[in-house]
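In: here is a sequence with its predicted model. Questions after.
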Amino acid sequence: MLHLLLLLLIRPSPSLVMTSSLCVTAPWRHGNRVSAMDACQQPEAAGGGLTLLCGGLRLTRVPVALSNHTTRLILKKNLLRSLPAHSFSDLFLLEELDLSHNQLSCLEAGCFFGLASSLRYLDLSSNQLSTLDPAVFGGLHVGANLTHNPWHCDCSMQMSTPQLDLDTSSLETVVCQTSDLPNLGAVGLPLVLLVEDWDLCQPVRRTTDVLTLVTMFLWFLTLFSYLIYYIRYNQAVARRHLDYLKFLESRDPFRPT
């Protein structure tokens with residue numbers, strides 16, 4: 001029983017492990033797999049760049065066959081829930097990407113792959129995003145609108161923020177809707193201010209320290225219990241051996257009286 005309890009305590013709690021968020025991408029509906037050239041408006045743009053206006057089309061997926069001459073892609077007011085990896089990997093000239101007013105709650109690592117050298121502005125406002133993952137935004141040094149998302153400020157967010165290349169002013173728009181420190185006034189504060197003034201990893205470290213102490217105590221208790229059992233077992237064996245020797249002596253016919 002002690003061994004089982006020890007294993008359960010050693011096993012890390014999912015709430016204490018800082019991992020990148022995993023996306024479970026639902027199968028796309030084939031009827032919604034549209035071509036950008038068929039559905040999106042293409043107004044005249046100065047400088048030779050191509051603008052694709054794909055807003056308000058109730059899309060659940062980024063359109064296919066996007067021209068690699070596109071410099072502005074407007075996908076606002078659709079029904080996008082997630083972005084798979086390499087969603088825009090062919091758009092080497094893309095400078096502005098508007099994904100506002102969708103239902104994005106999951107951004108897969110690599111969804112912005114190929115945009116690091118060209119993208120200058122990214123709008124992710126009014127979605128359902130709750131965490132900033134360096135694997136998603138890594139390499140993007142852009143100005144971003146991240147307002148009106150239910151950001152959850154926790155230890156993972158605090159640790160990932162210094163790894164982001166996003167423009168500093170962009171991070172100021174990340175306002176904590178929920179937090180691991182709700183009773184201390186953290187809710188409603190910008191993430192950058194919270195990171196400077198608060199230690200969001202303190203509850204995690206405190207819990208980890210407690211688990212470590214409990215684990216060590218149970219380990220020593222298990223060892224001590226085993227030693228007691230070993231000593232008592234050997235004493236019982238020795239006692240049975242002595243009793244057997246006495247029994248043999250009592251039945252020895254040559255034993256002097």
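Out: Received the coordinates, thanks. Keep in mind it's a predicted model, so treat the numbers as computed, not measured.

In: in a strand, Thr178, correct?
Out: Yes: if the criterion is DSSP: H, G, I helix; E, B strand; the rest coil, then Thr178 is within a strand.

In: can you classify the closest residue to it other than its chain neighbours by secondary structure?
Out: Distances taken as C-beta to C-beta, 6 or more residues apart in numbering put His152 closest to Thr178, at 4.7 Å, once the chain neighbours are dropped. All C-beta atoms are positioned from the backbone trio N, CA, C, and that covers glycine. For His152, the assignment made with three-state DSSP gives strand.

In: residues contacting His152?
Out: By C-beta atoms under 8 Å, 6 or more residues apart in numbering, the contact set of His152 is Ser130, Thr131, Cys176, Gln177, Thr178, Ser179.

In: quick one: the strands in the stretch 1-150 of the chain?
Out: For the stretch 1-150 of the chain, the strands defined by DSSP state E, counting those that start in this stretch occupy 50-53, 70-74, 82-83, 96-98, 106-107, 121-123, 143-145.

In: any chance of those in a markdown table, plus distance to Tyr229?
Out: Listed next are the strands of the stretch 1-150 of the chain as a markdown table, based on distance: least, C-beta to C-beta, whole Å:
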| stretch | distance to Tyr229 |
| --- | --- |
| strand 50-53 | 74 |
| strand 70-74 | 70 |
| strand 82-83 | 55 |
| strand 96-98 | 67 |
| strand 106-107 | 52 |
| strand 121-123 | 64 |
| strand 143-145 | 62 |
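
In: between those, which one is nearest to Val237?
Out: Nearest of the strands of the stretch 1-150 of the chain to Val237, taken as C-beta to C-beta: strand 106-107 at 62.6 Å.

In: other SSEs contacting that closest one?
Out: Contacts defined by 3 or more C-beta pairs under 8 Å, 6 or more residues apart in numbering; DSSP states H and E place strand 106-107 against strand 82-83.

In: helix or strand with the lowest mean pLDDT in the chain?
Out: Ranked by mean pLDDT, DSSP states H and E, the weakest helix or strand in the chain is helix 2-10, scoring a mean of 44.

In: okay, now Val175: neighbour count?
Out: Other residues lying near Val175 total 19 when counted by other C-beta atoms under 10 Å.

In: contact partners for it?
Out: Contacts of Val175 (C-beta under 8 Å, 6+ apart): Thr147, Trp151, Gly188, Leu189, Pro190, Leu191.

In: put the buried members of these into a PyMOL selection.
Out: Only the buried entries of the contacts of Val175 go into this PyMOL selection, using 16 or more other C-beta atoms under 10 Å:
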select buried, resi 147+151+189+190+191
